[in-house]
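Visitor: No letters, just coordinates:
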Ligand SMILES: Nc1ncnc2c1ncn2[C@@H]1O[C@H](COP(=O)(O)OP(=O)(O)OP(=O)(O)O)[C@@H](O)[C@H]1O
Ligand SMILES: Nc1ncnc2c1ncn2[C@@H]1O[C@H](COP(=O)(O)OP(=O)(O)OP(=O)(O)O)[C@@H](O)[C@H]1O
Ligand SMILES: [Mg+2]
Ligand SMILES: [Mg+2]
């Protein structure tokens, strides 16, 4: 029902106090997996016409809770009430038919189907009993246009980067005529502009009385959109608060469950931490000249110095990931040259790059990162082992030591280092993948959205950890959709637009707004 | 286990088995092992003195020996197939490779029967060692071909190996002109028919291959890489694993196993039958691997599982022969057992079973 | 679940492309054959391609859905045999009305398929093994019915086997018509119905399909039921064609069908390819057979080698074309 | 006159016997100056039908083939008849509603072979159980294949005459050595010394079984009388080594006859509907004498 979208600008003001009858209510939900008590006596109330944000650290149980109330898991105890009547969704199909529409944390779409189909499959527009492709394409295109996504809706979804896939998933969810909309970290790989667009749509839906459950790790977003917040900690409900009554500091404390005062002023600490001056060495560790690939990236020059962090910023689709992949040899560059420590190198495959001491943490953890059935330990050891070659196996004790070290250092929440990574929460998987590359102690590390889906606290710690490594002499290429993060940590930022660089700036030369201007207008374009 | 002729040792064998099962219950191999045990139990009940082992001119003799002896080639094929499947591949050319290697060996060793004044004389064409090397070489060539098509050209495994499956047997027949090459050279028979310390020599070969492979998996990172490639090739490549090379060698290994199996088979029947040797062995091998609990979707694999699977299949075949039922029922029987074993391995089925028969749940677990 | 990253254009490009490439290559193959062996391109010979492979086409169509959903069905060959066997016995021993017989056979096939599908879905068993066991079972049942081949003398069947429908350039058998109708129906199913699209979705990523709230269970059972029904129908066509029921009929046909589908451009990993590809795949295999028959000098083993070689050549060119296309695409 | 063109569709190359058959036909064709169009059906009836159709399309003078199965030939043979191409069957008969569809059938009679094996056994059965019963184990051919069915039939027919002859076990050995050996091993374990006679549907299985018997520590041909069918070289070697007692010939050398008949048919000379090849029964005694002049 695209009409929800049609009347943008309708009264977007949220009703001050939601009507008292909750649409959806969870009572005393308990669920345990072998070795983990994922949910313990969790309650949640969702009112029509409100945006309700669910917050908590990685592994707190947010996604699991959502999977429970959409019928993916059946709870060991507790009940789910829709309009006060108990329901027992046995499958996502049930949930949908009950009017609950969901976007899960890991994008769950079919890569082989066209974008349009991914939005409409299951409820096609029909003509004479047959699928009406024409109408479907038109409607799909309209839906996406409202989110300002200009894609060929007939192309297979797998052609597009994660962010686009994320947007498609969202459009699918909001185009269903549902009463409850659930979004699990929909914004983790989006940029400000996409987020704003999304929020506009959400406000709109809220105004029409839809109940929205929203999961995010971004405090700003929480305060920007939500009416009420439910905080979870270690699988338990810590409490439910009206957004207005809860300060950021308080919120973070409730999430981490410590009186610690980190959270808010962590930003400032980090600033001091990172500001420490860094000597830009003479010859760059890695120098790329005219590196490009037809249709993916216009020729591009990059210098990466030891002990420096180069930030790439730009909008979604600006070619950051493409650039990173070319630098890593994951895609073949069809133009340009790369020199490492002044010596010319050509990266035909990731192996070459790795051999030269480069590491690459991909943005798409599900498809390009995690090896789901392997244990945390194996996932961490893999890259190091691959570099060592199969004849020099890393002795088990050493692997375990490594795994433990990084599990501790990055605060990975896992039952043991032998649990399959697939069973970890999204954020924790991300941490493990980061650990995989840190374990190889690379001379240069490419981080593409390294903190995707990682909670406030952990994000802080991880970035500080990385910054420290950088100060110890690692060269780092940092890609993130969070402009502030990039600006805060990078020594230099390279702004990209339409798959080409449009200017490189020293730290401090730019602030958010000016970057956004560069990106938007591209005035300083070279 | 050595027992004087005629003395029964079945009970001890059973108890040994049951203890093994008891130890394995928690283990992923528990279910296939249980299935095997069940089959053997069936034999104990249905087939008169099935477990009877006697000493015959210096070696053990009995049904059990026959089974392991016959299962040897299948076990080898299963070992190779396990790794291929772990990389999300499949190799249906195993049977053809068996035919090729067997034929090459038989032809090179050959030996012809010449009769001068009614006295038969046997002569061999080529030093056996050479012949065997060449035969294995041929097998490896096949493996390289498969590997090239799959890893190099990126053809889908099933089609890539289908090519060799069709053409390979043809090549073997081309060599022999479609005749069965009979070998008249004693030493050659030892590979598939000889005995060492009372046990079939083939068994030692299998053990050797198994141990080497297992060591490779454990003592090197091969196991990790193979699983990684099987589960998520893209991620594995990005992590720096040489995916293509790995896949290539896995197919090479599979064909090597098949080649060895071919030598066993042709040596066992003292001749090479290009037309029928290893017919449908690939299917049995795949079946064995899956019965052993390795998923065809690739990833996690279990070598012992494959071996167990092979034993299950052979025991089943042998049982069918021993039961003395008309051959018409063979297939139905086989299918029923396969269904049973598969179901016994499915947790969902277990749950259903427990819901249907709550009381016997505890018993029905194994 | 699918392991395709969005960069996996090469993989993506190929299936869509190969389907076209296959047709081109098929034409080339025929052309070359026509040059080498005059008379190969005689219209009737080309029609024979259809007549002789009608049953294979039907099976391949059923198989297409299975493969598109990321599964595989090894039982088709034996189910075909079982179909002929059951038909023959019912007609011969019990003189059941032929139409009823056909209905029964189809039901039987669908039933077997559905059963296997249910095992595969609800007990999470592997398609390969379940259908392999199904293959044993079906053959076994054939032998239980009778190890002899049973001649069919029912007037309707005989009529069906005798009638030759005139078409420009020659005649075709009713079987061809049936097969083509099935194909058309299948294409419509695959591309214009929710069922068909769900099949693609499952092939693309079963877990996602479930998360999107698609009726995965029902669809999967239906897919295998359909494959079984197709196999049974192929059995009926085969019975028209051979006028006999026999336990050894159509051995190894499952492999032919799979090969046909894959050559037709489908990915065994599921999700990519067209049902129409089955036709081109079947025709390619048939053409290879015909070429060999026309040559008439190949010994048994050379026959095998040549079939293998042609298959290889075909896949090679197909692949290279696909890679080229992928290159251009990015 | 342009040379005679014969299209011949062979079953496949599944056994030595079959290969010998193919060779014989090809040689004969060369000698007779006949152009032979040969198509191998890889043991599949549908392939044979395809081949025959393509022969029709190529307008050959005569079509000859050894059917994989008896039944299911009406349609295609009718097409041949419509195209006025005479059809000759070799080695196996077909069952068709009207037998004008083929001109003649050259070949051995599997049932008769079974009978001969049985007859020889009735006359020469040396060893029997104390109580005089003769326990027979049977190695069948591929389940459902014509020779397997007929050779079983014929054999049982004959031995039914003597109640002392009992078939105690019968299992398929798929016509191959490996299977023959495997099955015989199982028999030996199950029946042990009880077995007096082994009847194998072809020599290959017998040869495999002989190995199994030896490994069981028994004397093949002495402790167990062995009767088999085909008469391939291997069998004669076994007989000379005293390990096989008798093999009933089933001659694959149909080539010359086929060419002869084909010529006659084209020349519109009358030919008999059924031509059985002259075949012998070779007991071990004459094996050595026969061996040199065996062609297959
Ligand atoms: N299928 C499963 N089996 C075992 N444990 C699981 C499973 N799914 C989740 N868990 C565990 O349950 C806990 C909660 O996971 P969940 O995904 O809900 O966390 P989350 O709040 O979504 O974290 P994130 O913010 O990183 O997404 C985690 O410790 C995880 O390891
Ligand atoms: N708004 C959009 N409309 C159309 N295509 C887009 C859009 N955004 C991204 N893309 C696609 O993104 C691809 C390049 O994006 P890439 O991932 O390389 O850059 P990026 O800046 O890393 O994007 P992301 O922020 O997702 O990492 C192009 O193939 C393009 O098709
Ligand atoms: Mg989560
Ligand atoms: Mg990116």
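Guide: Noted; the coordinates are in hand. Small disclaimer: the values here were computed from a predicted structure and weren't measured. Ligands and ions are numbered 1, 2, ... in the order given.

Visitor: For the rest of this, base every contact and every neighbour count on C-alpha atoms.
Guide: Noted.

Visitor: residues near the spatially closest residue to residue D:291 that is not a sequence neighbour, how many?
Guide: Spatially, and ignoring its direct neighbours in sequence, residue D:291 is nearest to residue D:236 (6.2 Å; CA to CA, 6 or more residues apart in numbering or on different chains). For residue D:236, the neighbour count with other CA atoms under 10 Å in any protein chain shown is 28.

Visitor: elements contacting the helix or strand hosting residue D:236?
Guide: Remark: residue D:236 resides in helix D:233-240, with elements defined by DSSP states H and E. For helix D:233-240, the contact count by 3 or more CA pairs under 8 Å, 6 or more residues apart in numbering or on different chains; DSSP states H and E identifies helix D:203-215, helix D:287-290 as packing neighbours.

Visitor: Of these, which is nearest chain A?
Guide: Among the helices and strands packed on helix D:233-240, the nearest to chain A by CA to the nearest CA is helix D:203-215 (44.6 Å).

Visitor: any residue of that closest one up close to chain B?
Guide: Yes - Helix D:203-215 lies within reach of chain B by CA under 8 Å from any CA of the partner chain, at D:208, D:211.

Visitor: buried ones in that helix?
Guide: By neighbour count on 16 or more other CA atoms under 10 Å in any protein chain shown, the buried set for helix D:203-215 is D:203-213.

Visitor: contact partners of that helix?
Guide: Helix D:203-215 has contacts (CA atoms under 8 Å, 6 or more residues apart in numbering or on different chains) with B:269, D:139, D:173, D:175-185, D:188, D:199-200, D:219-220, D:226-232, D:234-235, D:238, D:243-244, D:247.

Visitor: Quick check: mean pLDDT of it?
Guide: Averaged across helix D:203-215, the pLDDT comes to 93.

Visitor: related to what we said a few turns ago, and the helix holding residue D:236 with helix D:203-215, angle?
Guide: Here the directions of helix D:233-240 and helix D:203-215 differ by 40 degrees (axes from the mean of the first three to the mean of the last three CA atoms, to 10 degrees).

Visitor: who's in contact with the helix or strand following helix D:233-240?
Guide: Counting by DSSP H and E, the next helix or strand C-terminal to helix D:233-240 is strand D:246-249. Residues outside strand D:246-249 that contact it (CA under 8 Å, 6+ apart) are D:113, D:116-117, D:203, D:226-231, D:235, D:239, D:279-284.

Visitor: Name the spans of chain D whose pLDDT lies under the cut-off.
Guide: Applying pLDDT under 70 to chain D flags the ranges D:1.

Visitor: what residue lies at the spatial centre of it?
Guide: Centroid-nearest residue in chain D: residue D:250, 5.2 Å away (criterion: CA atoms, centre = their mean).

Visitor: can you pull the contacts of the residue nearest to that one when sequence neighbours are not counted?
Guide: Among residues not flanking residue D:250 along the chain, residue D:230 sits closest, at 4.5 Å (CA to CA, 6+ apart). With contacts defined as CA under 8 Å, 6+ apart, residue D:230 is in contact with D:17, D:202-203, D:247-251.

Visitor: Could you check which helix or strand contains residue A:81?
Guide: Judged by DSSP H and E, residue A:81 forms part of strand A:77-82.

Visitor: interface residues of the stretch 101-250 of chain D facing chain B?
Guide: Checking the stretch 101-250 of chain D against chain B by CA under 8 Å from any CA, the hits are D:143, D:169-172, D:176-178, D:181-183, D:185-187, D:189-190, D:208, D:211, D:216-217.

Visitor: what packs against the helix or strand where residue A:229 lies?
Guide: Secondary structure assignment for residue A:229, by DSSP H and E: strand A:228-233. Strand A:228-233 sits against strand A:51-56, strand A:236-242, helix A:248-256, with contacts defined as 3+ CA pairs under 8 Å, 6+ apart.

Visitor: between the ones you listed, which one is nearest to chain C?
Guide: strand A:51-56 (20.7 Å).

Visitor: out of the residues of the stretch 101-250 of chain D next to chain B, which are inside helices?
Guide: Among these, the residues falling in helices (DSSP state H) are D:177-178, D:181-183, D:185-187, D:189-190, D:208, D:211.

Visitor: host element of residue 306?
Guide: All of this refers to chain A. Residue-wise, residue A:306 maps onto no helix or strand under DSSP H and E.

Visitor: I was thinking of chain C, sorry if that wasn't clear
Guide: In the assignment (DSSP H and E), residue C:306 maps to helix C:300-329.

Visitor: Tell me where the stretch 101-250 of chain C has helices.
Guide: Using DSSP state H, counting those that start in this stretch, the helices found in the stretch 101-250 of chain C span residues C:127-145, C:155-162, C:174-192, C:194-204, C:206-211, C:216-242.

Visitor: now the farthest one out in chain B, which residue is it?
Guide: residue B:117 (44.4 Å).

Visitor: low pLDDT regions in the chain?
Guide: Reading this off chain A. Scanning chain A with the threshold set as pLDDT under 70 gives A:1-19, A:258-281, A:521-526.

Visitor: if you could check chain B rather than the one you did, that'd help
Guide: In chain B (pLDDT under 70), the answer is B:1-13, B:18-26, B:111-116, B:118-123, B:359-366.

Visitor: Make a PyMOL selection of the buried ones in the residues of the stretch 101-250 of chain D next to chain B.
Guide: With 16+ other CA under 10 Å as the burial test, the buried ones among these are selected in PyMOL as follows:
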select buried, chain D and resi 143+169+170+171+172+176+177+178+181+182+183+185+186+187+189+190+208+211+216
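
Visitor: what about stretch D:134-150, how long is it end to end?
Guide: Using CA to CA, to the nearest Å, the span of stretch D:134-150 from its first residue to its last is 22 Å.

Visitor: and it, anywhere near chain C?
Guide: Yes - for stretch D:134-150, a contact with chain C is found by CA under 8 Å from any CA, at D:143-146, D:149.
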